[in-house]
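> kindly generate the corresponding structure for this input.
(2 chains)
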Amino acid sequence: DIQMTQSPSSLSASVGDRVTITCRASQGIANYVAWFQHKPGKAPKSLIYAASSLQSGVPSKFSGSGSGTDFTLTITSLQPEDSATYYCQQYNIYPFTFGPGTKVDIK
Amino acid sequence: EVRLVESGGGLEQPGGSLRLSCAASGFTFKTYNMNWVRLAPGKGLEWISYISSSSSSVYYADSVKGRFTISRDNAKNLLYLQMNSLRAEDTAVYYCARDDLYEKFKVWGQGILVTVSS
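Numbering: from 1, shown residues only, chains lettered A, B, ... in the order given. You can find the predicted model right below:
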């Protein structure tokens, strides 16, 4: 199975900050990576697919990049509503696997 | 409006069975592949199963293989997850998610809680 790791596991940033989350796959997965935002009690929300394509309706403050084994999610102009856990997921090979998540808090 | 609504969760004893349903509306269900994903307390998201639009292909995570069965009824716009031999570690919120060709897990249900405890 393909293992997905994320760093950091958590971060605390201020309103207006730019934050970057890193995701690494245990083997090459081309660009078959998605990013999700999850808030407690809510359904996960898809932000990015194909490593860098923004889901419709998602603000452009979210962006993704990478290919092969290394991927990043960047959030610019951090706002209180961005407080959530963010997950990467590979969908290159079954079983699809998620990273362990990055919890983002607002200072 | 595109919607997925899960049902069938609840409290079950270890070793017991439950069947989850996911009702789809607002889109042509029979043309989409579907998935189940779960979130256990204190853990991260875990993909557990996939079924193709025609039910010709199914896949499972190792953690549920042999115990869970995914199926669908395209005439009723329903996705199912039959869960047998339940364990305490199966306690989680279970989500169904639509598998779009390019946008992948674009649409999710609101989730349903399954608790396995004696």
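
> residue contacts, the residue most central in space within chain A?
What sits nearest the mean C-alpha location of chain A, by CA atoms, centre = their mean, is A:Trp35, with 3.8 Å. Residues near A:Trp35 by CB atoms under 8 Å, 6 or more residues apart in numbering or on different chains: A:Cys23, A:Ser46, A:Leu47, A:Ile48, A:Phe62, A:Gly64, A:Leu73, A:Tyr86, A:Tyr87, A:Cys88, A:Gln89. Placement of C-beta: from N, CA and C, glycine included.

> okay, it: pLDDT?
pLDDT, A:Trp35: 98.

> which residues of chain A fall in helices?
In chain A, no helices are defined using DSSP state H.

> quick one, phi/psi of the closest residue to B:Lys43 other than its chain neighbours?
In space, B:Lys43 comes closest to B:Ala92 once its chain neighbours are excluded; the distance is 7.8 Å by CB to CB, 6 or more residues apart in numbering or on different chains. Dihedral angles of B:Ala92 (phi, psi; degrees, to the nearest 10) stand at phi -180, psi 170.

> show me the beta-bridge partners of B:Ala92.
Residues in a beta bridge with B:Ala92, per DSSP bridges, are B:Val114.

> tell me the spacing between it and A:Ser10.
21 Å (CB to CB, to the nearest Å).

> chain center to stretch A:44-62: distance?
With CA atoms, centre = their mean, to the nearest Å as the basis, stretch A:44-62 stands 9 Å off its chain's centre.

> and if you look at stretch B:2-12?
In terms of CA atoms, centre = their mean, the centre of stretch B:2-12 is set 9 Å apart from its chain centre.

> contact partners for residue 68?
Here I'm looking at chain A. By CB under 8 Å, 6+ apart, A:Gly68 lies in contact with A:Ala25, A:Gly28, A:Ile29, A:Ala30.

> sorry, should have said chain B
B:Ile48, B:Ser49, B:Tyr60, B:Leu81, B:Gln82, B:Met83, B:Asn84.
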